[in-house]
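>>> Predicted coordinates and the sequence they were generated for:
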Amino acid sequence: MHPSQDPAGCCSGLSRRTFFRFAAGASALASMPILTEAHLALAQRPKFADPNKGIHIDANENPMGPCEAARQAMVDIVPRGGRYLMEMEEDLEGTFARIEGLDPQSVMAFAGSSEPLHYTVLTFTDRNKPLVIADPGYEAPMWAAQIAGADVIKVPLADPKGEAPHDIKAMIAASPNAGVIYICNPNNPTGTCTPRSDIEYAVSNAPKDAIVMIDEAYIHLCDAPRSLDFVKEGKNVIVLRTFSKLYGMAGIRMGFAIGRPDLLKKISVHGGFNALPITAVAAAKASLLQSDLIASRKKTIGDIRVETLSWLKSNGYAYTPSESNCFMLETGRPGKEVLAALAARDIYIGRIWPAWPTQVRITVGTHDEMLAFRKAFQEVMSAKTAGLVPPPLPRRIADHPFTHLS
């Protein structure tokens, strides 16, 4: 065990104050936080974790950060920071719309994609209209559904030992009155893609008033077909995009909801009218205008992922066939023990999903970070006695009731 580990709890003081304290007052919508990947990753880090030290491959962040053009755009706009400059937001939305061939009224900018995800669930689910979600999948929609008073129907991924796509037909059949059917493509945490034909089936066969919410946070990292054409066709679809992943702007906060104008108007009742940070808007537009950025970063991240997965395969470890910047790794033992043992070596990996308790999520970091992870992981997995593996970290995020919604 790390000498400074607090046996009373693993979550940092910050995450406890800003996250768990809200769980006791779920009846007050106005006081509820919007659950994000940052909250979930931070909440399971041990208290001794120093964000400035060690290897942090637990939050699906992009260690490259924003591109040079985005950095310069932020520097250039700072002198105008005394102004709201809301016209910049409209310009950003218009720029994205032109690039993608969309009606500008079908694009709404937010501080990341977590806000529109949350607002979509709040808007279209209730006690009579459940949320349908893959399992394991990104947990944030479940938290929003709990606030909305909606049931959550978790549908296991198809073929969990193989490609692990969403089981779309089972998700559609899960409820005749679903409010939101959530598809994360590529999926978080598995990094696996769901075939386009299956997504088309979802859009065509979803209940009449259901919203198919397609989260494309990681879409730039794979070759899967995009889903913006459903919006162009006027379907009951809301697509989410973010600048947090490939564009490396997780801490800067910028994203889009793309959908029919009437759907965007409905979700904006919950938020979306406040002025966005002009630094984030400037960085996002500069990033969009870099024509070679997506291909170059996709290759960089993809090469490191392929090298890491090849090493794991050569050493006999099973993993999900990711096309993203994260994957699930089979440990053959309680995943929380592996998480704790790596944390004691200052390697911080992703959380555990109750549906797959022996698997851990790994974010693809830099080449050197993944080499350090490989070395530490092999040491942990080679430990034959209990004394070599630290006990599990207590009070993980997965031990709290809202991660077991059903």
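Alright, I've got the coordinates. Residues are numbered from 1 along each chain as shown.
>>> In a helix, residue 134, correct?
No - read with DSSP: H, G, I helix; E, B strand; the rest coil, residue 134 is strand and lies in no helix.
>>> could you pull out the helices for the stretch 1-150 of the chain?
If DSSP state H, counting those that start in this stretch is used as the criterion, the helices of the stretch 1-150 of the chain fall at 13-15, 21-23, 37-44, 68-77, 87-100, 114-124, 140-148.
>>> Could you do the stretch 301-406 of the chain as well?
335-343, 367-382.
>>> Output the last one in CSV with nothing but the alpha carbons.
Taking C-alpha atoms only, helix 367-382 is exported to CSV below (Å, rounded to 0.1, in the frame of the first residue of the first chain):
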residue,chain,number,x,y,z
HIS,A,367,4.3,6.2,-26.0
ASP,A,368,6.4,6.6,-22.8
GLU,A,369,3.4,6.5,-20.6
MET,A,370,2.3,3.2,-22.1
LEU,A,371,5.7,1.7,-21.8
ALA,A,372,5.6,2.6,-18.1
PHE,A,373,2.1,1.1,-17.8
ARG,A,374,3.3,-2.1,-19.5
LYS,A,375,6.2,-2.5,-17.1
ALA,A,376,4.0,-1.9,-14.0
PHE,A,377,1.1,-4.0,-15.2
GLN,A,378,3.4,-7.0,-15.9
GLU,A,379,4.9,-6.6,-12.4
VAL,A,380,1.4,-6.6,-10.8
MET,A,381,0.2,-9.5,-12.9
SER,A,382,3.3,-11.5,-12.0
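>>> so which of the helices of the stretch 1-150 of the chain is the most packed in?
Highest mean neighbour count of these: helix 114-124, a mean of 26 (counted as mean count of other Cβ atoms under 10 Å). For every residue, glycine as well, the C-beta is placed using N, CA and C.
>>> quick one: it to helix 37-44, angle?
If you take axes from the mean of the first three to the mean of the last three Cα atoms, to 10 degrees, helix 114-124 sits at 100 degrees to helix 37-44.
>>> Tell me which of the helices of the stretch 1-150 of the chain lies nearest to residue 353.
With respect to residue 353, and counting by Cβ to Cβ, the nearest of the helices of the stretch 1-150 of the chain is helix 37-44 at 10.8 Å.
>>> could you say what helices and strands the closest one packs with?
helix 13-15 (3 or more Cβ pairs under 8 Å, 6 or more residues apart in numbering; DSSP states H and E).
>>> so which of the helices of the stretch 301-406 of the chain gets nearest residue 359?
Minimum separation from residue 359 across these (Cβ to Cβ) falls at helix 335-343, 5.7 Å.
>>> where's that closest one relative to the chain centroid, distance-wise?
On the basis of Cα atoms, centre = their mean, to the nearest Å, helix 335-343 is displaced by 21 Å from the centre of the chain it belongs to.
>>> just stretch 345-355 next, same as before
The answer for stretch 345-355 is 15 Å, by Cα atoms, centre = their mean.
>>> Quick check: end-to-end length of it?
Criterion Cα to Cα, to the nearest Å; first-to-last residue distance in stretch 345-355 is 26 Å.
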